[in-house]
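Asks: no sequence for this one, just the structure:
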Ligand code: NAP
């Protein structure tokens, strides 16, 4: 394990502003807790508006030099960051498991996916092409240039603290922007490890800054400081809407990656046993605390019984425990509030007639930690909260359906439109579902569709814009149109 990523009792990490690790101006600190045993694993400086203002000022100054570098020079630092993340993946993954709860193998997967994101954008930054557009008037020439949008304020959540910031940092820096990152307050340490990699990769001062602190104060600074030209937010739809309203004040550029409520649809020609196993893995990954987590399971009535039997067997066999221990497949939920919310969702469904086939309760066998049994339910009605509210929990409601039109209507009956999953081998059904589903990401026989080169984002209230892929780079670029009149 790299010294830079080792956590030891008494670990204290600071904010990173203008190339320096610094205490918060107000001197505040925040303890970071391990959700598996409720123990403090370290402390971080906890800043506010003044710290954010200093970071934005540094980012503005740094952007002059950073934007002038060639995309090839910027790429070298991003690529080196990716290499260092891979070298230090074991240590970073341990930090991530300890602060977030996910099993070590999932944590390592997150580090590697994030390293791939840095590497991919290092290359894609070289393709920020403008266009030469044919003229309609003799003697004129028209072209477009791509220009970095400016200083970016990036706010991320706790469920994927590295990946979801990497999707902002890598394209912003590749485009020639500079950035101020605000991680979720309870999961700052693994992102600090990524900053360690960026710094060791040669990041110039001020280009990327890290301000852990009060969400309200930092967001207000991002919203009101005219030097912040764009806010990129991943988190709840509720906060996304607040930011969208407030950003109107300065017509601030926004990217929003918000909540989801993904349908998982299984047609009768699919193998119910294989798909049930894939469904359980997909559903209980990170305890269902995943924006693209499948959360409404529609299984054709001809195979629903077998699908559900195998899903229950598979869920019962999942190995639950502290994510640092070998072979653990499901860790604790992220916090007590999340676990209590899950208990309330299950009680609400049971009270409205749903049948709990497995799980349904807090798992108290370890004495400490926020463990909840992987839960499968049937017999849900439209009134059950988990059918309309994003559950963000290890709950798997299974319903049956009879035909394609009916299931498309049920799947689209939500304000969300982030991900959807379809299992069938019938090409006609595939196309009809691809065209009929209101979702930005569709996994067709694929429960894990996210990859750096493909666009990620939602329709309807699931967000605005796309991350990853070329669209994810465009999100940090302005298009300048240039019209030239030549001499006769
Ligand atoms: P959240 O409460 O919205 O928090 C996300 C981030 O926003 C945190 O850094 C939080 O800071 C900050 N924040 C809280 N209140 C704020 C405010 N008033 N103004 C500005 N920032 C504020 O969301 P969460 O519960 O952490 O994350 C879960 C949600 O994120 C789910 O809805 C999930 O679907 C969504 N999500 C979406 C995607 C996607 O790509 N579409 C990916 C992952 C998660 P503090 O930690 O300091 O409170």
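Replies: Perfect, thanks for sending it. These numbers were taken from a predicted model, which means no experiment stands behind them. Residues are numbered from 1 along each chain as shown.
Asks: So what touches stretch 463-470?
Replies: Residues from elsewhere that reach stretch 463-470 (CB atoms under 8 Å, 6 or more residues apart in numbering): 117, 120, 124, 127, 167-168, 171, 240, 244, 254-258, 418, 440, 450-457, 471-472, 475. Using the backbone N, CA and C atoms, a C-beta is placed for each residue, glycine as well.
Asks: If we use 7 Å, what do you get?
Replies: Residues from elsewhere that reach stretch 463-470 (CB atoms under 7 Å, 6 or more residues apart in numbering): 124, 167, 240, 254-258, 452-457, 472, 475.
Asks: can you tell me which of those residues are in helices?
Replies: Counting by DSSP state H, the part of the contacts of stretch 463-470 found in helices is 124, 167, 240, 472.
Asks: tell me the contacts of the spatially most central residue of the chain?
Replies: Nearest to the mean C-alpha position of the chain, counting by CA atoms, centre = their mean, stands residue 164 at 4.0 Å. Applying CB under 7 Å, 6+ apart to residue 164 gives the contacts 156, 157, 234.
Asks: three-state assignment of it?
Replies: Counting by DSSP: H, G, I helix; E, B strand; the rest coil, the backbone at residue 164 sits in helix.
Asks: hang on, the earlier thing: which members of the ones in helices among the contacts of stretch 463-470 additionally contact the ligand?
Replies: By CB under 6 Å from any ligand atom, no member of those lies near the ligand.
Asks: Contact residues of the stretch 251-400 of the chain facing the ligand?
Replies: 257, 258, 259, 260, 291, 390, 392.
Asks: Can you check the pLDDT for residue 371?
Replies: On pLDDT, residue 371 comes in at 98.
Asks: Which residue, other than its chain neighbours, is closest to it?
Replies: What sits nearest to residue 371 in space, not counting adjacent residues and going by CB to CB, 6 or more residues apart in numbering, is residue 363, at 3.8 Å.
Asks: Excluding covalently adjacent residues, which one is nearest to residue 125?
Replies: Per CB to CB, 6+ apart, closest to residue 125 is residue 174, 3.0 Å.
Asks: tell me, how many neighbours does that neighbour end up with?
Replies: For residue 174, the count of nearby residues is 28 (other CB atoms under 10 Å).
Asks: same question, the one 5 residues further on
Replies: The criterion is other CB under 10 Å. On that basis, residue 179 has 29 neighbouring residues.
Asks: isn't it right next to residue 167, touching?
Replies: No. With contact defined as CB atoms under 7 Å, residue 179 and residue 167 do not form a contacting pair (11.8 Å).
Asks: quick revisit: and the furthest pair within the residues of the stretch 251-400 of the chain next to the ligand?
Replies: Greatest spatial distance among these (CB to CB): 257 and 392, at 14.1 Å.
Asks: Pass me the low-pLDDT residue ranges in the stretch 51-200 of the chain, would you?
Replies: Within the stretch 51-200 of the chain, no stretch has pLDDT under 70.
Asks: interface residues of it facing the ligand?
Replies: So the stretch 51-200 of the chain meets the ligand at 155, 156, 157, 158, 159, 160, 164, 182, 184, 185 (CB under 6 Å from any ligand atom).
Asks: Ramachandran angles for the closest residue to the fourth one other than its chain neighbours?
Replies: Spelled out, that is residue 158. Leaving aside its sequence neighbours, residue 158 sits nearest to residue 184 (CB to CB, 6+ apart; 3.7 Å). Residue 184 adopts backbone torsions of phi -60, psi 140, taken as degrees, to the nearest 10.
Asks: Can you get me a residue count around residue 184?
Replies: Close neighbours of residue 184, defined as other CB under 10 Å, add up to 22.
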